[in-house]
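Colleague: what follows is a predicted structure for the sequence shown.
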Amino acid sequence: MQPIEQQLSQHYPSDLTDAQWELLAPWFEPKSRQRGRKAKVSRRGIVNAIFYLLREGCRWRSLPHDYPDWRLVYSYFSCWHYRGVFAQAYEALHRTERERHGREPHPSAGILDSQSVKTSAVARGTCGYDAGKKGEGA
């Protein structure tokens, strides 16, 4: 396992800048009173690895060797996902950004749109009726 300083030396386009990490760190850094041994891998390196996977769309096992081991990254990802850390961070950052632009923190309305797609005769048996278009849809 590489020391923390070496883990952050390799930069990919998906890696967080220092300013971005300052905004996200409160959700991913351990609490100051948390017990246990010190981490050998930085949380920033783990978050960078997760963002790399999301951007590149690769498999966990295809994670470059510059990042921590894929098993460790996956275990942190699944734990954070289960605890809702990503959703909490997104909601807080979304509210802050809306307020920064002089808008209400929570949207007051939303718009949904749908589209029916014409299909070939082969798939005719599996399509249903689209009440909005008054015809068969996919």
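Modeller: Nice, I can see it. Numbering: from 1, shown residues only.
Colleague: so residue 106 sits against residue 95, correct?
Modeller: Yes - here residue 106 reaches residue 95: they are 7.2 Å apart, a contact under C-beta atoms under 8 Å. Glycine gets a C-beta too; all of them are placed from N, C-alpha and C.
Colleague: looking at the two, which has the bigger crowd around it?
Modeller: For residue 106 and residue 95, the more surrounded residue by other C-beta atoms under 10 Å is residue 95, and the numbers stand at 14 against 9.
Colleague: so that one sits in a strand?
Modeller: No - per DSSP: H, G, I helix; E, B strand; the rest coil, residue 95 lies outside any strand segment and is helix.
Colleague: what sits against it?
Modeller: Counting by C-beta atoms under 8 Å, 6 or more residues apart in numbering, residue 95 touches 105, 106.
Colleague: what ranges do the helices span in this structure?
Modeller: Ranges of helices within the chain are 4-7, 18-28, 43-56, 70-83, 85-100, based on DSSP state H.
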